[in-house]
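[1] give me a model of this one.
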Amino acid sequence: MDVFLIPVGDVGYELYCEPSEADHPTGGVMAHVLRHAREVMAAEQEARRDRRAARRAGNGKQTAGWLVRLRVALTRGMAEWVAQQRLLWNLRHVDHAVVVHPDDVDDKEALSIARGRLQHHSDHHRFWMVIDGLAMALFGPLFFFVPGPNLLSWYFAAKAVGHWLAFRGARRGVTSIEWVVSASAVLTAVREVLPLPPGQRRSRLRALSRQLHLEHLATFVERTSVG
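    Down below sits the predicted model:
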């Protein structure tokens, strides 16, 4: 598995990969959550119907329409969040991996930076796993008597499980995975294009993404870059 150490500023880095479908586990708790999320995405069409009904039927239907819109918004947010966690989730099943780093960073420093980012993610996901677990415990009883699925409780349950899986992957990356390093001139070029104007930067990033065979790298850098 190749993990890319992406420059996202003058001195900042973030880890990135694009696991293939074969790398994604198909069983377990999170797979069930993700299948449920895909099913809920169908609510977008239902939301349009409910909004039209709400305008005709008054406040009760307006509330129903608001709940459907909330469900759609939560599911979209979950889908985006899932995409961001796939690297750490996949590290749970990896014994050997490669850190691909800019060639203006030496191998030892690159490995140190990568492990530092994994430790940061481990601490981050452990904290939010607890927070989302507490939110799930709160909103479960609070909305028990509200008709329909308890969307907030489901949302926080999914987030808590996702943070737990990400925490396990990050900890495995720090303590168990055997890493090797590989230098890349293309990643050094990524750093060099960050100061360019947005349109020119985007064009160059797409070209560099194609060289690295990373379909979504340009979007990731645009979203993550701090300078």
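[2] and Arg115, how close does it get to Ile131?
    Distance of Arg115 to Ile131, given as Cβ to Cβ, to the nearest Å: 25 Å. Yep, even glycine has a C-beta here, placed from its N, CA and C like the rest.
[3] then Arg201?
    Arg201 is 35 Å from Ile131, by Cβ to Cβ.
[4] quick one on the thing from earlier: neighbour count: Arg115 and Ile131, which is higher?
    Taking neighbours as other Cβ atoms under 10 Å, Arg115 and Ile131 compare with Arg115 leading, 16 against 13.
[5] so what's that one up against?
    Arg115 makes contact with 173-174, 179 under the criterion Cβ atoms under 8 Å, 6 or more residues apart in numbering.
[6] check Trp179 too.
    96-99, 111, 114-115.
[7] filter these to the buried ones?
    Using 16 or more other Cβ atoms under 10 Å as the burial test, the contacts of Trp179 include 97, 99, 111, 114-115 as buried.
[8] for Cys17, phi and psi?
    phi -160, psi 170 (degrees, to the nearest 10).
[9] okay, it and Arg168: tell me how far apart.
    From Cys17 across to Arg168, the span is 17 Å (Cβ to Cβ).
[10] neighbour count winner among these two?
    Using other Cβ under 10 Å as the criterion, Cys17 and Arg168 rank with Cys17 on top: 21 against 16.
[11] can you tell me the element Ile6 falls in?
    Using DSSP states H and E, Ile6 maps to strand 2-7.
[12] partner strands of that strand, parallel or antiparallel?
    Paired with strand 2-7 in the same sheet, following DSSP bridges, are strand 13-16 (antiparallel), strand 96-102 (parallel).
[13] which residues outside it are in contact with it?
    Residues outside strand 2-7 that contact it (Cβ under 8 Å, 6+ apart): 13-17, 87, 97-102, 105, 110, 113-114, 182, 184, 187-188, 190-191, 194, 212, 214, 217, 220-221, 224.
[14] what of stretch 123-131?
    Residues from elsewhere that reach stretch 123-131, judged by Cβ under 8 Å, 6+ apart: 88, 159-160, 163-164, 166-167, 170.
[15] kindly report the same for stretch 194-208.
    7-9, 186, 189-190, 193, 217-218, 221-222, 225, 227.
[16] if we go to 7 Å?
    7, 186, 189-190, 193, 217-218, 221-222, 225, 227 (Cβ atoms under 7 Å, 6 or more residues apart in numbering).
[17] okay if I get those as TSV plus neighbour count?
    Output for the contacts of stretch 194-208, formatted as TSV (neighbours: other Cβ atoms under 10 Å):
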residue	neighbour count
Pro7	25
Val186	18
Ala189	17
Val190	23
Val193	18
Leu217	24
Ala218	20
Val221	23
Glu222	13
Ser225	20
Gly227	10
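[18] in helices, which of those appear?
    Judged by DSSP state H, helices contain the following of the contacts of stretch 194-208: 186, 189-190, 193, 217-218, 221-222.
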